[in-house]
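Undergrad: give me a 3D structure for the following:
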Amino acid sequence: MAKSPNEDLETFLRRQDAGDLVAVLLELAKDHEAIQARLARMQLADRPDKLAAGFKKTLSGWRRSTKFYGYREAGEFGRMLDGWLDQVARELLPKDPPAALSLFEALIEADAAWFDRADDSDGVIGDAVRAACRHWLQAAARCETPAGVWPERLLKLYRADQYGARDELLRRADLLLDEPAQRGLVARLESQLSQALEASPGGKSPPMEVFRISGALSLLAESLRDPDVKVRASLRYSPNPNPVQRQDFVRSYLDADRPADALAWLQESWGHLEDSRQDLLADALERLGRFEESSPIRQRMFERTLSDFYFQRWLEHLPEPARAEAVAHARKLALAHDDVTAAATLLLQLGDANAAETRMLAEPGRIDGNDYGRLVPLAKALRADECPRGETVVYRALLKGILDRAYARAYGHAARYWARLGEIAGSGVGLLPLPSHEDFEAEIRARHGRKSAFWAYVNGTRRDRHDEQDDLTL
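TA: So this is what the prediction gives:
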């Protein structure tokens, strides 16, 4: 029977004959171990003890292993841990919450086995441990254990953290504890903070225990959505907060939608963080509807940075008659601004692609090829607006930036930039006033001809999955 165009897969499958679906599953199980394992666990649906034993065996095997996971392997291992957590939550938790809780706790307590044997530069394993903490909280909430037991057990598990991945236990304490229980934890920790401060020698920096307790209170403040808890804790040992602390206070108040309280920490200069203060001050004023005060701040920040973000924030609160003048002012600034990348990006946002391309062609040497965070989106926008010469400027800069630094991890991207430059040249478009594609290629080959790894990508003899997955792709 043909599937209706508007019918989703679940609806379609529910209409099928059960025998047909069994045959399909058996066929797939022959070739896919994951499906075989899932079906085997389904057979244990009425034996949660056996199901839990199977999950425990898998976890124990990982814990006993001595294998070291390198940078790329660590990501895959982290995803395996995460998949195991999802299986326990989906298949065991509804049937036996205490057994699931025990498994989640075992994974958390074994965090040394995961972190000490892996290069977790991408943080995937850390994310899995954080997920385990959330699963633990949700499983505990489903156990028939007296509510008064959980605060102590929660703190004990959190305090044993040596790697900074168990913060979720307190940050999401609301998954387990109601507000009175969380407030009780806050009171308990604030008392401990007072004791730790009283015991510390006068005139010296507070002991690490003070910072650990303050950190725990800050996490509970997030769970409660009450920044006052964080601010009180910080002021106990730092009565004159520095700009970094003030910035943290303000962001916490804004996250809790308390802009009036945020303003109290925005009145004095923050020195090297003054730009951040101005940005947050404008944000707080806008939330309070004080646009006459925030608009000049947004304008000054835009004029200094030429950021489209600040331009839009300035523009959105201007009276309608003033917007055309603001747009003309922005275009004038872009045509003369020192930051060519920012200028071209803004001109594209203003709908003037020709001016953006012209601006880049006038000073291609001023584009920093290491600024890929802005250049890659700019190249895509230039391509969408059919500006091949501007696109050429960007990809040449990116390519040179990677090769000049001998940044081998990005050679896969450099090869794709090389290919795109060839496509543009092959389309027959004139590149003047830029050097010809042939001259550019000759320059690259002369300067970087010995970078064999790069040329292997160009020639298609080498591929790297990691390179194709990050944010530098075309």
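Undergrad: in this protein, where's the longest helix?
TA: Ordering each helix of the chain by length in residues (DSSP state H) puts helix 179-199 first.
Undergrad: quick one: terminal-to-terminal distance for stretch 302-318?
TA: From its first residue to its last, stretch 302-318 covers 14 Å (CA to CA, to the nearest Å).
Undergrad: if we ignore the residues flanking it in sequence, what's nearest Ala284?
TA: Closest residue in space to Ala284, ignoring its immediate chain neighbours: Pro259 at 4.2 Å, by CB to CB, 6 or more residues apart in numbering. (Glycine included, C-beta is placed from N, CA and C.)
Undergrad: that neighbour reaches Ser294, doesn't it?
TA: No: applying CB atoms under 8 Å as the test, Pro259 and Ser294 come out as separate, 10.8 Å apart.
Undergrad: quick one: the helices in the stretch 251-400 of the chain?
TA: For the stretch 251-400 of the chain, helices defined by DSSP state H, counting those that start in this stretch occupy the ranges 259-263, 274-287, 291-305, 308-316, 320-336, 340-349, 353-362, 372-384, 388-404.
Undergrad: which strands and helices lie in contact with the following helix or strand past the longest helix of the chain?
TA: Next in sequence after helix 179-199, counting helices and strands by DSSP states H and E, comes helix 208-224. Secondary structure elements in contact with helix 208-224, counted by 3 or more CB pairs under 8 Å, 6 or more residues apart in numbering; DSSP states H and E, are helix 150-159, helix 168-171, helix 179-199, helix 227-237.
Undergrad: list the buried residues for helix 208-224?
TA: 210-224 (16 or more other CB atoms under 10 Å).
Undergrad: next: stretch 343-353.
TA: 343-350, 352-353.
Undergrad: what lies in contact with it?
TA: The contact list for stretch 343-353 (CB atoms under 8 Å, 6 or more residues apart in numbering) reads 306, 308, 311, 327, 330-331, 334-335, 337, 355-357, 359-360, 374, 377-378, 381-382, 385-387, 390.
Undergrad: ok, now which ones touch Gly126?
TA: Residues near Gly126 by CB under 8 Å, 6+ apart: 78, 115, 120, 163-165.
Undergrad: max pairwise distance over those: which two?
TA: By the measure CB to CB, Gly78 and Gly164 form the most distant pair in the contacts of Gly126, at 15.5 Å.
Undergrad: okay, these two: which has more neighbours?
TA: Comparing Gly78 with Gly164 by other CB atoms under 10 Å, the one with more neighbours is Gly78, at 23 against 12.
Undergrad: hmm, the more buried one is touching Ala131, no?
TA: No: assessed by CB under 8 Å, Gly78 is found out of contact with Ala131, at 9.8 Å.
Undergrad: return the member of the buried residues of helix 208-224 nearest to Leu137.
TA: So of the buried residues of helix 208-224, ranked by how close each gets to Leu137 (CB to CB), first place is Ser223, at 10.1 Å.
Undergrad: ok, that closest one to Leu185 distance?
TA: Ser223 sits 9 Å away from Leu185, going by CB to CB, to the nearest Å.
Undergrad: list residues touching both of these two?
TA: By CB under 8 Å, 6+ apart, the residues touching both Ser223 and Leu185 are Ala173.
Undergrad: ok, Ile424 - contacts?
TA: The contact partners of Ile424, by CB under 8 Å, 6+ apart, come to 388, 391-392, 431, 437.
Undergrad: give me the pLDDT for Leu44.
TA: We have a pLDDT of 64 for Leu44.
Undergrad: looking at the helices of the stretch 251-400 of the chain, which is nearest to His32?
TA: Across those, His32 has its closest neighbour in helix 372-384 (36.6 Å, CB to CB).
Undergrad: what about the closest residue to Ala147 other than its chain neighbours, how many residues nearby?
TA: Nearest residue to Ala147, sequence neighbours excluded (CB to CB, 6+ apart): Ala181, at 6.7 Å. Look at Ala181: counted by other CB under 10 Å, it has 17 neighbours.
Undergrad: hang on, the earlier thing: joint contacts of Pro259 and Ser294?
TA: Common neighbours of Pro259 and Ser294, using CB under 8 Å, 6+ apart, are 283, 285.
Undergrad: how about the helices of the stretch 251-400 of the chain, which one is nearest Phe249?
TA: Nearest to Phe249 among the helices of the stretch 251-400 of the chain is helix 259-263 (7.5 Å), distances taken as CB to CB.
Undergrad: which positions within the closest one qualify as buried?
TA: Residues of helix 259-263 classed as buried by neighbour count (16+ other CB under 10 Å): 259, 261-263.
Undergrad: against which helices or strands is it packed?
TA: Helix 259-263 packs on helix 243-255, helix 274-287, going by 3+ CB pairs under 8 Å, 6+ apart.
Undergrad: what angle do the first one and helix 208-224 make?
TA: An angle of 20 degrees separates the directions of helix 243-255 and helix 208-224 when computed by axes from the mean of the first three to the mean of the last three CA atoms, to 10 degrees.
Undergrad: mind listing residues that contact helix 243-255?
TA: Here helix 243-255 has contacts from 221-222, 225, 227, 230-231, 234, 238, 241, 259, 261-262, 265-266, 270-273, 276-277, 280, 283-284, 287, using CB under 8 Å, 6+ apart.
Undergrad: ok so, going back, including distance to Glu152, could the buried residues of helix 259-263 go into a markdown table?
TA: Shown next, in a markdown table, are the buried residues of helix 259-263 (distance: CB to CB, whole Å):
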| residue | distance to Glu152 |
| --- | --- |
| Pro259 | 37 |
| Asp261 | 32 |
| Ala262 | 34 |
| Leu263 | 39 |
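Undergrad: Glu443: which of those is nearest?
TA: Glu443 lies nearest to Ala262 out of those, by CB to CB, at 52.4 Å.
Undergrad: what's near enough to touch the closest one?
TA: Going by CB under 8 Å, 6+ apart, Ala262 touches 249-250, 253-254, 280, 284.
Undergrad: rerun that using 10 Å as the cut-off
TA: Counting by CB atoms under 10 Å, 6 or more residues apart in numbering, Ala262 touches 227, 246, 249-256, 280-281, 283-285, 287-288.
Undergrad: ok, now how distant is the nearest residue in space to it that is not next to it in sequence from Pro227?
TA: Using CB to CB, 6+ apart and skipping the chain neighbours, the partner closest in space to Ala262 is Tyr253 (3.9 Å). Distance of Tyr253 to Pro227, computed by CB to CB: 5 Å.
Undergrad: what touches both of these two?
TA: Any residue near both Tyr253 and Pro227 by CB under 10 Å, 6+ apart counts here, and that gives 261-262.
Undergrad: identify the residues contacting Glu292.
TA: By CB under 10 Å, 6+ apart, the contact set of Glu292 is 285, 317.
Undergrad: report pLDDT for it.
TA: Predicted confidence (pLDDT) for Glu292: 92.
Undergrad: the one 3 residues further on now?
TA: At Ser295, the model reports a pLDDT of 93.
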